[in-house]
Each structure stands twice: as structure tokens, then as C-alpha cells.
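1. Following is a predicted model, sequence given first.
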Amino acid sequence: MRLLKRLVEADAPSGREDEIRALIIREAEKFGYEVKTDALGSVIAHKVGNGKKLMLDAHIDEIGVIATYIEDEGFIRFGAVGGLDVKELHKRRVRFANGVVGVVAAEDERFEKKPELTRLYIDIGARDKAAAEKLVCAGDTAVFDGGFTQRGDTIISKALDDRVGCYMLLQTMKKVKKSPNDLYFVFSVQEEVGLRGARTAAFNIMPEYAIAVDVTDTGDRPSCAPMDVKLGGGAAIKVMDRSVMCDSHVVGILRSLAEEKGIPYQNEIMADGGTDAGAIALTGSGVRAGGISLPTRYIHSPSEMADIGDIKACIRLLTAACEYKWE
Ligand code: CO
Ligand code: ZN
């Protein structure tokens, strides 16, 4: 889990992925793939093969905030980078790229009446505007502060969405012995602001098949929306989310590989949110796309929770998908 810890602890909101990109390139180059970076900053690792082009994708960015304006009193107004749950931001910590930590706070009564981003500010403890501007400027980005912890098979961290996907791709790159396919591993940027990096990477590759690897919600918490996915239930094979109807051939192959290898799996139909699978499917004249997801509680918070057994199941299924001959 040392590598996963390093991956989640890199601070990299959408469009500001330099730190995580450098780490991914270093890791990806260990396995003898041809590694390059595209114009938006996505990392593409290629292992040449004779068969169909199979693209596996995980996004390297995380949600965050961006400073928009500094008040005379030194409080920082901000905007969202990605899908923030505004109601839950009050009293959370965020960390800017230079290490400055601030507390998100609300204009109390007004926020309670109407939880809007414009009623929140970041307090970095600066005395006034001049003092604040020595530390943070409009345009600076920050991410949630939420360190990695593990107990038994349970892990908790910020940015499991989607560094755990990056981790699973890297582990798969290491494990795949021989592939009958032309294999591409894509570590894409800017997913959280609209599935952007995966779109340009897929255009570059134009794969026949693609599998997006990301986190998915669960239906196993007290009075949450019903969903047929739970922590510890194995790899989630995506059928649908808000961005994609997965290709039925891809879904069928993934299920039969799981059955054949005895890999625990569950069916993912995610009511909220999309994934890179959606953008990839609509690239060029279309790509047959599916997804393998890690069941995760409290997505888009500093305390995302997942299960190591599920991570292992996903890696086994990804490895099986790489070794299967796609026709
Ligand atoms: Co996300
Ligand atoms: Zn994600």
C-alpha cells in the first residue's frame, strides 16, 4: 500500500496535475512500456501488440477549489474545481500548492438557509488582504486535506477517486505477462471538470475497446439510495452511469472472465455522476466502452473509504481483460 499512499498524497486538482503526473511517469516507465505525455498532460503508456487496440483509463486529477477573490479582511472567496458537495464543505481543511492550509467556513445563518458556494470563504488566518496575498493569489488551487489510513482491509483517504484507479492500472501493467492485444494504459487529466483528458487521449489512440477504471458509489450505508454494490463485494462491472450505456459485448466479456477466474464481482448501475467511459465511447466514430469500478463510500470527500480485497479483485479482472484476446 506504500505506492497507493504516495499516489493519494500527491496534491493535483484538475488542470494542475504536475506532481501526480511526474510520479505516474516514474512508475509507468518501470515496466518497459513506451510512455508519452499528450498536450493536455495525460500520460499514455503503450505496449505494442498485433491484436485490437485495448485502452485502459484512470484519471489522475482530483476535485478541489480555486481562489477567486480576496476580501479586505483576508478571507478568500473560491470556486469549485469539479463536483463539490457544497453542504458538506463547512469547517473542512484545504491545502494550497505552496502548503498553506485554510479552513472553509460559512457565513452562518445565510449558509444554513441556502447552502451556496458564494456563502463560503477560506480562512488561512491572515490579518488582512495584503497578508493573505503574500500566501494565496486569485487563481491558486487547493485540495482537501485528508491523509491515508489503513486498518486491516479498510483504507480511508482523500483522492481515492481516482488514484486508486491509477494504482490498479500500474499494478496491472506489472502483472500482465503476455497480451494478444495492442495495449494502451492512459492516465488522464481533468476528469472531474468534464471527462476532458480521456477524450483527447482516446482520439489520439482510437481504440477498438476501452475500459474506464474509477470509483463507484455503494448502496450499503444506513438509509442511502438503493444500489446493488457494496464494500467487500468484489470488482464492480459497470453497466451504466450518467455518461454511458456500457457496450454489452464488453460487459459480457468482463462478466465471463470474472466467472471463469473466480473473481468476485457485482453489477454497477450508478445513478449519479459519469466516468471517462462516457467521453471515450463518443470519441471519433465511437468506441466500444465499459468500466471496472472500485466500490467506495463517501466519494468526493476527504474520507473516501474502500476495501483492499475489492482492489485485488479489480486488479485480477483488469489483468484477465488484458490477457484475453479481444476480437
Ligand atoms: Co470524482
Ligand atoms: Zn473519478
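-> Nice, I can see it. Numbering: from 1, shown residues only. Ligands and ions are numbered 1, 2, ... in the order given.

2. residue in the stretch 1-150 of the chain nearest to ligand 2?
-> Ranked by Cβ to the ion, the top residue of the stretch 1-150 of the chain for proximity to ligand 2 is His59, at 5.6 Å. Yep, even glycine has a C-beta here, placed from its N, CA and C like the rest.

3. and the nearest residue to Glu304 once chain neighbours are set aside, what is it in contact with?
-> Leaving out its chain neighbours, the residue that sits closest to Glu304 by Cβ to Cβ, 6 or more residues apart in numbering is Leu160, at 4.1 Å. Counting by Cβ atoms under 8 Å, 6 or more residues apart in numbering, Leu160 touches 8, 215, 294, 296, 304-306.

4. In strands, which of those appear?
-> Of the positions in the contacts of Leu160, 215, 294, 304-306 sit in strands, assigned by DSSP state E.

5. can you redo the residues you listed as TSV with neighbour count?
-> Output for the ones in strands among the contacts of Leu160, formatted as TSV (neighbours: other Cβ atoms under 10 Å):
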residue	neighbour count
Val215	25
Leu294	26
Glu304	24
Met305	19
Ala306	27
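
6. Which positions in this protein make contact with ligand 2?
-> With Cβ under 5 Å from the ion as the criterion, the chain meets ligand 2 at residues 161-162, 214.

7. Of those, select the buried ones using a ChimeraX command.
-> Per 16 or more other Cβ atoms under 10 Å, the buried members of these correspond to this ChimeraX selection:
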select :161,162,214
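
8. how about the helices in the stretch 151-300 of the chain?
-> For the stretch 151-300 of the chain, the helices defined by DSSP state H, counting those that start in this stretch cover 160-175, 196-205, 248-261, 276-281.

9. For the longest one, the averaged confidence score.
-> Across helix 160-175, pLDDT averages out at 98.

10. Tabulate the CA atom coordinates of it in CSV.
-> The C-alpha trace of helix 160-175 is given here as CSV (Å, rounded to 0.1, in the frame of the first residue of the first chain):
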residue,chain,number,x,y,z
LEU,A,160,-9.0,7.5,-3.8
ASP,A,161,-11.1,9.0,-6.7
ASP,A,162,-9.2,8.1,-8.8
ARG,A,163,-5.6,7.5,-7.6
VAL,A,164,-6.8,4.0,-6.6
GLY,A,165,-7.7,3.6,-10.3
CYS,A,166,-4.1,4.7,-11.2
TYR,A,167,-2.8,2.3,-8.7
MET,A,168,-4.8,-0.6,-10.1
LEU,A,169,-3.6,0.2,-13.7
LEU,A,170,0.0,0.3,-12.5
GLN,A,171,-0.4,-3.0,-10.8
THR,A,172,-2.0,-4.4,-13.9
MET,A,173,0.9,-3.2,-16.1
LYS,A,174,3.2,-5.0,-13.8
LYS,A,175,1.2,-8.2,-13.7
